[in-house]
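1. model this:
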Amino acid sequence: MNGLHGIIFSYEKRNDLRELGEIRSAASIPFGGRYRAVDFALSNLVNAGVTDVGIVLHGRYQSMLDHLGTGKVWDLSRKRGGLRMLPPFNYQQNWGVLPFRGKIEALAGVRTYLDEIRQDYVALMDGDLVVNLPMADIFESHVKSGADVTVVCGNDSFATEDGTYFEMNRDGRITEVLYRLHTPRGYRGLEVYILSKKLLCEIVDECSARDQFSWRKELQTRKDSLNLRSYIWSGFAAQIRSVQEYYDRSMQLLDPAIRAELFTPARPIRAKGADKPSTYVGANGRCVNSLVADGCRIEGTVENSVLFPGVVVEEGAVVRNCVLFKEDIVRRNAQLSYIIADKDVEILADRTLMGHATYPIVLAKGSVV
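-> Sure thing, here's the model as predicted:
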């Protein structure tokens with residue numbers, strides 16, 4: 001698909017990720033046992049034939065740089081085009097420190113990059129969106145409809161706080177752009193947009209001149225003058241905006257139907273390999289209804305949990321309803337329930353930690369409890 005260019009936003013946003021967001025942006029949070037959130041956006045674009053992708057960064061992006069590297073995993077390591085990391089340019093006094101006021105300000109910070117885009121159309125996506133979209137179909141629908149902007153919308157199950165909602169007529173044309181609603185109505189936007197490069201540059205330049213940088217406010221202002229169209233996605237979609245949402249969405253992956261939809265072979269989700277041996281389950285080990293990545297050693301009990309590569313659960317330990325990141329160690333006879341443990345966490349022997357489904361406990365990277 002030579003006509004479409006991808007831009008993924010990985011800048012700092014207001015969220016409630018607590019310890020999970022202290023060392024990384026939401027887009028680089030591990031998800032689903034072996035992935036990072038940004039893997040889904042990248043794979044969505046690559047599966048549609050997109051060869052040029054720019055990732056707009058801001059603060060706490062070292063984890064993102066380490067994960068993506070040259071983009072070879074996603075076939076984006078190229079002499080011309082391919083994957084481009086776009087850190088904030090020094091156009092403001094406190095660059096990389098103050099949060100962007102909106103997508104348009106983030107794009108204004110990489111304005112010269114927009115001029116270098118070779119394709120006629122641009123897809124804008126958030127890096128913290130976990131979804132498997134048929135981007136090729138969406139792009140084809142955009143071109144055929146003659147829309148100025150195509151907005152991808154989800155169903156009610158995707159609803160998150162402070163979202164943007166869209167109402168539309170029978171033809172799919174958007175008639176209202178709504179946000180900060182006490183009672184949501186219409187369809188929730190997935191923060192995925194397709195528009196022409198020319199229109200995008202015009203909007204960025206005009207808004208910058210007026211010191212207005214909110215993308216959704218601009219769509220609201222232009223809803224009558226632009227042909228805004230919708231594409232309704234009825235499948236699984238999640239945004240990583242809070243610890244509770246991260247936990248709930250992780251637990252949803254234990255449903256085989258959701259896994260089959262999100263990881264459909266027709267549109268594979270590419271991820272950086274862990275280079276680990278197969279997982280070992282000991283003679284007294286027990287693993288029930290869980291997602292377990294390679295390289296784990298389970299000699300205790302694991303139930304309804306998600307384990308990333310290299311997790312060790314020693315004999316007598318019990319792990320229930322937990323998400324354990326890479327290289328975590330649960331020592332003998334420890335008991336964990338409703339815990340999200342970041343990388344390299346060690347739970348000492350005979351310890352008991354218990355959260356709740358509505359308030360999971362988060363353990364920061366490298367913690368020893």
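2. contact partners for the residue nearest to the spatial centre of the chain?
-> Nearest residue to the geometric centre of the chain (CA atoms, centre = their mean): residue 128, 2.3 Å. Contacts of residue 128 were listed using CB atoms under 8 Å, 6 or more residues apart in numbering, and they are 10, 13, 25, 26, 27, 29, 37, 38, 239, 240, 241. Yep, even glycine has a C-beta here, placed from its N, CA and C like the rest.
3. quick check: phi and psi on the closest residue in space to residue 364 that isn't next to it in sequence?
-> What sits nearest to residue 364 in space, not counting adjacent residues and going by CB to CB, 6 or more residues apart in numbering, is residue 19, at 4.2 Å. The phi/psi pair for residue 19 (degrees, to the nearest 10) reads phi -60, psi -30.
4. for the chain, which strand is longest?
-> The longest strand of the chain (DSSP state E) is strand 187-196.
5. I'd say residue 357 and residue 322 touch.
-> No - with contacts counted by CB atoms under 8 Å, residue 357 stays clear of residue 322, the gap being 11.5 Å.
6. neighbour count: the two, which is higher?
-> Neighbours per residue (other CB atoms under 10 Å) separate residue 357 from residue 322, with residue 322 holding more: 30 against 12.
7. so which two of the contacts of residue 128 are the farthest from each other?
-> Of all pairs drawn from the contacts of residue 128, the one with the longest distance (CB to CB) is 38 and 241, at 14.7 Å.
8. give me the more crowded residue out of the two.
-> More neighbours surround residue 38 than the other of residue 38 and residue 241, with 28 against 21 (other CB under 10 Å).
9. quick check: mean pLDDT across the strand or helix carrying that one?
-> Counting by DSSP states H and E, the element that carries residue 38 is helix 37-47. If you average the pLDDT over helix 37-47, you get 96.
10. what lies in contact with it?
-> Applying CB under 8 Å, 6+ apart, the contact partners of helix 37-47 are 4, 6, 8, 10, 26-29, 31, 53, 55, 64, 67-68, 71, 74-76, 123, 125-133, 135-136, 240, 267-272.
11. give me the buried subset of those residues.
-> The neighbour-count criterion (16 or more other CB atoms under 10 Å) marks 4, 6, 8, 10, 26-29, 31, 53, 55, 64, 67-68, 71, 74, 76, 123, 125-133, 135-136, 240, 267, 269-272 among the contacts of helix 37-47 as buried.
12. which ones among those lie within strands?
-> Among those, the members found in strands (DSSP E) are 4, 6, 8, 31, 53, 55, 123, 125, 126, 129, 130, 131.
13. and which of those residues is nearest residue 105?
-> Among those, and counting by CB to CB, the member closest to residue 105 is residue 126, at 15.0 Å.
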